[in-house]
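Colleague: Quick one, fold the following:
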Amino acid sequence: MLSVEDRVIHAIGVIVRDLEVRIDSTFEELNVDSLAAIEILFEVEEEFDIVITTEVIREMKSVRDVVAGVEQRLAGDTKIAP
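Modeller: The predicted model follows:
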């Protein structure tokens with residue numbers, strides 16, 4: 001079974017296909033604009049069957065931030081969902 005980190009990296013990689021996605025990659029390094037951020041949000045939500053608000057995804061600046069957010073949501077942190 002893949003780790004949360006591996007699954008997030010894969011989901012982001014689906015959107016930023018031509019770039020190497022690492023845990024320390026920032027969205028700036030990956031050239032993630034607002035449209036790509038929304039696409040990443042959808043991919044991550046689908047991968048984990050969770051809901052993350054767009055406000056939360058806007059605060060995330062790196063792959064590590066997304067992993068932390070997903071882990072919090074999976075642990076039941078309702079601040080990440082409506």
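
Colleague: burial of Val32, as a residue count?
Modeller: Using other CB atoms under 10 Å, Val32 is surrounded by 23 other residues. C-beta here means a position set from N, CA and C on the backbone, and glycine is covered the same way.

Colleague: pLDDT score for it?
Modeller: According to the prediction, Val32 has pLDDT 93.

Colleague: I'd assumed it was in a helix, is it?
Modeller: No. Applying DSSP: H, G, I helix; E, B strand; the rest coil, one finds Val32 to be coil, outside a helix.

Colleague: By mean pLDDT, which helix or strand of this structure comes out lowest?
Modeller: Least confident helix or strand, the chain: helix 54-59 with a mean of 76, by mean pLDDT, DSSP states H and E.

Colleague: Distance from that one to the middle of the chain?
Modeller: When distances are taken as CA atoms, centre = their mean, to the nearest Å, helix 54-59 is centred 10 Å away from the chain's centroid.

Colleague: Now do the same for the closest residue to Ser62 other than its chain neighbours: its pLDDT.
Modeller: Closest residue to Ser62 apart from its sequence neighbours, by CB to CB, 6 or more residues apart in numbering: Thr26 at 4.6 Å. If you check Thr26, the pLDDT there is 96.

Colleague: which residues in this structure form strands?
Modeller: Taking DSSP state E, the chain contains no strands at all.

Colleague: Helices of that one, residue ranges please.
Modeller: Using DSSP state H, the helices of the chain run over residues 4-15, 34-48, 54-59, 63-74.

Colleague: In a markdown table, list those helices along with mean neighbour count and distance to Val21.
Modeller: Listed next are the helices of the chain as a markdown table, based on neighbours: other CB atoms under 10 Å; distance: least, CB to CB, whole Å:
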| stretch | mean neighbour count | distance to Val21 |
| --- | --- | --- |
| helix 4-15 | 18 | 5 |
| helix 34-48 | 16 | 10 |
| helix 54-59 | 13 | 16 |
| helix 63-74 | 19 | 6 |
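
Colleague: Would you single out the least confident of those?
Modeller: helix 54-59 (a mean of 76).

Colleague: helices and strands around that one, which ones?
Modeller: Judged by 3 or more CB pairs under 8 Å, 6 or more residues apart in numbering; DSSP states H and E, the packing partners of helix 54-59 are helix 34-48, helix 63-74.
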